[in-house]
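[1] no sequence on this one, just coordinates:
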């Protein structure tokens, strides 16, 4: 079978069926062409903690509608048609606007790498009409323990530790968590909850047959899943661990920025916050990133002191591929290279080499990867890595440190960029200086990250 994307003219979000007894939701979708239709069905199972009658179902249903629309992008992308039709009730204009931004900007990398003529701007059609927005006076500000999505890497560890140090009681949360995430999450004994997402395997078959494929805004999807889980349990806000550097574009496509990390960016966080009130009756402070004002280097410096986590964390995305249950750093990807680099000023070489099972700064095969991180290639890598300024500053530090300056990669880069040996105060200000964020955050959380500055 050959799948031809061009024959499909619209994508349809058909239904979201909520089972209030087992706390699961089934979503139905279809891709429709003149003579062809592809159906998709996926489900999410949430962790129940209290009885069904105690759940704030109206707000949960509002979240489920926008969640289903976002999850549908995993199937919409197979053909990326010009119409996205929503057939169920409950989508507000705020939800429509958010979905449009999620498609245009959250899938900009997808459009660019599939060589589409321009970013995606599908017509979004509501066959059931626009749902009324929740009145502002009914917007809920959740109280209670924070729900902290974790990914097995350093950033969420830092958030959990900051919350615990403030005598809060973080509840950790993962979507389809594997052994890595559980191992990291259980270091300090804080609870770890899970939601299970089961994608329709038909999309994998279509990918093999010629469907369009590529990056979708997974962080936005997981954020909405976390918001549903928090409301089912009745917890406080969803506290993310998204740093300042996630807002830097990967490249420019004409006059539009393309950002691999767009759904981790500050603008994406603000858009989600603004949508929550009208769509689900939740205040903007229901969802925020604790680490937004800080750079990757500031976070790495704090994490370096949390030695109990060093043997267990993994940020390498290859360790979280479908079907991989337990893996460590691959040692040969942009994420591994970047994390090794920003930890190198703060963790001794012997310890860092033990963590990664290789000294990446002393391995000549890693040179081209580090050149890309420094901006010496056409554009930054399509990966969750920090700003070029952060890589430059970290390399300046290690190039002038006795322990690292004779490492093969460091010596090669200094020979190519002698400026690495020269102090650059403007880089330190850019990377380590205080960054203001005006995004909503409940008062008790505002000062927790100041120790990172």
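    Happy to help now that I have it. Worth saying up front: this structure is predicted, and the values here are computed from it rather than measured. Numbering: from 1, shown residues only.
[2] helix/strand/coil for residue 197?
    strand (DSSP: H, G, I helix; E, B strand; the rest coil).
[3] swap that for residue 121, please
    Assignment for residue 121 (three-state DSSP): coil.
[4] With the one 4 residues further on instead?
    Each residue gets one of three states, and residue 125 gets strand by three-state DSSP.
[5] so it touches residue 84, yeah?
    Yes. Using Cβ atoms under 8 Å, residue 125 makes contact with residue 84 at a distance of 7.2 Å. Every residue, glycine included, has its C-beta placed from N, CA and C.
[6] top strand in this protein by residue count?
    Identified as the longest strand of the chain according to DSSP state E is strand 8-19.
[7] And the contacts of the very next helix or strand once past that one?
    Tracing the chain past strand 8-19, the next element assigned as helix or strand by DSSP states H and E is strand 24-33. For strand 24-33, contacts defined as Cβ atoms under 8 Å, 6 or more residues apart in numbering pick out 7-19, 37-46, 64, 67-68, 71-72, 75-76, 78-79, 81, 228.
[8] unless I'm mixing things up, residue 313 is touching residue 150, no?
    No. Using Cβ under 8 Å, residue 313 makes no contact with residue 150, being 10.3 Å away.
[9] so what's the closest residue to residue 49 other than its chain neighbours up against?
    Of all residues not flanking residue 49 in the chain, residue 233 sits nearest, at 4.7 Å (Cβ to Cβ, 6 or more residues apart in numbering). The neighbours of residue 233, taking Cβ under 8 Å, 6+ apart as the test, are 47, 48, 49, 50, 147, 171, 193.
[10] Give me the three-state assignment for the last one.
    Meaning residue 193. strand.
[11] Leaving out sequence neighbours, find the closest residue to it.
    Residue nearest to residue 193 in three dimensions, not counting chain neighbours: residue 47, with 4.6 Å by Cβ to Cβ, 6+ apart.
[12] before we move on, what about residue 37?
    Residue 37's closest residue in space is residue 30 (Cβ to Cβ, 6+ apart), at 5.7 Å.
[13] again, but for residue 405
    Counting by Cβ to Cβ, 6+ apart, the residue nearest residue 405 is residue 399, at 5.6 Å.
[14] ok so, going back, contacts made by the longest strand of the chain with the rest, please.
    24-34, 36, 38, 57, 60-61, 64-65, 67-69, 72, 75-76, 78-79, 81-88, 122.
[15] List the buried residues for stretch 234-242?
    With burial defined by 16 or more other Cβ atoms under 10 Å, the residues of stretch 234-242 counted as buried are 235, 236, 237, 238, 239, 240, 241, 242.
[16] and those as a markdown table, adding distance to residue 111, secondary structure and pLDDT?
    Putting these into a markdown table (distance: Cβ to Cβ, whole Å; DSSP: H, G, I helix; E, B strand; the rest coil; pLDDT from 0 to 100) gives the following:
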| residue | distance to residue 111 | secondary structure | pLDDT |
| --- | --- | --- | --- |
| 235 | 36 | coil | 96 |
| 236 | 37 | coil | 96 |
| 237 | 33 | coil | 97 |
| 238 | 28 | strand | 98 |
| 239 | 31 | strand | 98 |
| 240 | 25 | strand | 98 |
| 241 | 28 | coil | 97 |
| 242 | 23 | coil | 97 |
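[17] Now that we have those, can you turn them into TSV and tack on distance to residue 277?
    Compiled in TSV, the buried residues of stretch 234-242 are given as follows (distance: Cβ to Cβ, whole Å):
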residue	distance to residue 277
235	18
236	17
237	14
238	15
239	18
240	18
241	23
242	20
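[18] re the thing from before, out of the contacts of strand 24-33, which are buried?
    The neighbour count (16+ other Cβ under 10 Å) marks 8, 10-14, 16, 38, 40-42, 44-46, 64, 67-68, 71-72, 75-76, 78-79, 81, 228 as buried among the contacts of strand 24-33.
[19] where does residue 85 fall, helix, sheet strand or coil?
    strand.
[20] Wait, it touches residue 99, no?
    No. Judged on Cβ under 8 Å, residue 85 makes no contact with residue 99 at a distance of 11.8 Å.
[21] Compare the two (neighbour count), which wins?
    Ranked by neighbour count (other Cβ atoms under 10 Å), residue 85 and residue 99 place residue 99 first, with 24 against 18.
[22] for the record, mean pLDDT for the longest strand of the chain?
    Mean per-residue pLDDT for strand 8-19: 97.
[23] quick one on the thing from earlier: out of the contacts of residue 233, which comes closest to residue 202?
    Of all those, residue 202 sits closest to residue 47, with 26.9 Å by Cβ to Cβ.
[24] Show the contacting residues for the residue nearest to residue 193.
    Residue 47 neighbours (Cβ under 8 Å, 6+ apart): 23, 193, 194, 195, 229, 232, 233.
[25] in the sheet, who's paired with the second one?
    In other words, residue 193. residue 173 (DSSP bridges).
[26] Could you check the pLDDT of it?
    On the pLDDT scale, residue 193 gets 97.
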